[in-house]
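**Student:** all I have is the shape, not the residue letters:
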């Protein structure tokens, strides 16, 4: 990452969970929720020290997001979509921060928020952001739809990402109202079907497009 402002935002979001946990740690019960079902109900508990792993994971992810482009064999491509990469990295850290905050809130004040609905709405927002950026991401080994065929052919990469962006944006737009209006089981099925279906479709199409280009040469 090159923008000092964006680096500051990336690291600012990443250390907030550590600060939050430091403040509320002594107020937490000995056992805290560590896993939630698709309906938002708690289905697993663990020692409160588990939350330190989640809190410290964010600075580690920030470190990776900042420095991975430097070791990417296709690192020169990042200059062509640097702004979008940095925006995506910041939004991802913000997403993780909100998820962590929800877990702490649910631990201290159970029932305050609907974990299932809130996280699904956030996933919808993340898909909208990613969908808008997909068509602008250039070939690299860390970000985007990385199949053997997209990495082998820049044209297949661009075609796959153009379609992927449209699919993910549409799925994100669909998920936002569904997360508010539909039963939790229903919108979870829609979320998983949309993610798995679009991923499988893009995988298959990238292979077919590559083979078609290969046979035409």
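**Tutor:** Cool, got the structure. All figures in this text were calculated on a predicted structure; none of them were measured in a lab.

**Student:** thought residue 105 was touching residue 112?
**Tutor:** Yes: between residue 105 and residue 112 there is a contact at 5.5 Å, judged by CB atoms under 8 Å. Quick note: C-beta positions are derived from backbone N, CA and C, even for glycine.

**Student:** who has more neighbours, the two?
**Tutor:** For residue 105 versus residue 112, the count of surrounding residues by other CB atoms under 10 Å is larger for residue 105: 16 against 10.

**Student:** quickly find the element holding that one.
**Tutor:** Using DSSP states H and E, residue 105 sits in helix 82-108.

**Student:** ok, now which ones touch residue 81?
**Tutor:** Residues in contact with residue 81, defined by CB atoms under 8 Å, 6 or more residues apart in numbering, are 133, 136-138.

**Student:** if we can go back for a sec, in the helix holding residue 105, what counts as buried?
**Tutor:** 84-97, 99-100, 102-107 (16 or more other CB atoms under 10 Å).

**Student:** which parts of the chain are strands?
**Tutor:** Here the chain has its strands, by DSSP state E, at 31-36, 42-47.

**Student:** which residue lies nearest the spatial centre of this structure?
**Tutor:** residue 92 (5.5 Å; CA atoms, centre = their mean).

**Student:** tell me the pLDDT at it?
**Tutor:** Here the pLDDT value assigned to residue 92 is 92.

**Student:** I figured it hits residue 65, correct?
**Tutor:** Yes: with contacts counted by CB under 8 Å, residue 92 reaches residue 65, the gap being 7.3 Å.

**Student:** any low-confidence regions in the protein?
**Tutor:** 36-41, 217 (pLDDT under 70).

**Student:** for it, longest helix please?
**Tutor:** Across the chain, the longest stretch assigned as helix under DSSP state H is helix 184-216.

**Student:** who are the packing partners of it?
**Tutor:** Where contact means 3 or more CB pairs under 8 Å, 6 or more residues apart in numbering; DSSP states H and E, helix 184-216 is packed against helix 115-134, helix 148-152, helix 154-181.

**Student:** off-centre distance for the longest one?
**Tutor:** Between the centre of helix 154-181 and the centre of its host chain there is 13 Å, according to CA atoms, centre = their mean, to the nearest Å.

**Student:** how about that helix: buried residues?
**Tutor:** Buried residues in helix 154-181, counted by 16+ other CB under 10 Å: 156-161, 163-165, 167-169, 171-172, 174-176, 178-179.

**Student:** cool, stretch 54-74 as well?
**Tutor:** Buried residues in stretch 54-74, counted by 16+ other CB under 10 Å: 54-55, 58-59, 62, 65-66, 68-69.

**Student:** off-centre distance for that stretch?
**Tutor:** 14 Å.

**Student:** want to throw the helices and strands packed on helix 184-216 into a markdown table with distance to residue 200?
**Tutor:** Below are those laid out as a markdown table (distance: least, CB to CB, whole Å):
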| stretch | distance to residue 200 |
| --- | --- |
| helix 115-134 | 16 |
| helix 148-152 | 14 |
| helix 154-181 | 11 |
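
**Student:** to residue 75, which of the ones you listed lies closest?
**Tutor:** helix 148-152 (14.2 Å; CB to CB).

**Student:** and the closest one, what does it pack against?
**Tutor:** Counting contacts by 3+ CB pairs under 8 Å, 6+ apart, helix 148-152 is packed against helix 154-181, helix 184-216.

**Student:** sorry, back to before: could you dump the contacts of residue 81 into CSV and include distance to residue 10 and neighbour count?
**Tutor:** Output for the contacts of residue 81, formatted as CSV (distance: CB to CB, whole Å; neighbours: other CB atoms under 10 Å):
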residue, distance to residue 10, neighbour count
133, 16, 22
136, 19, 15
137, 18, 23
138, 21, 19
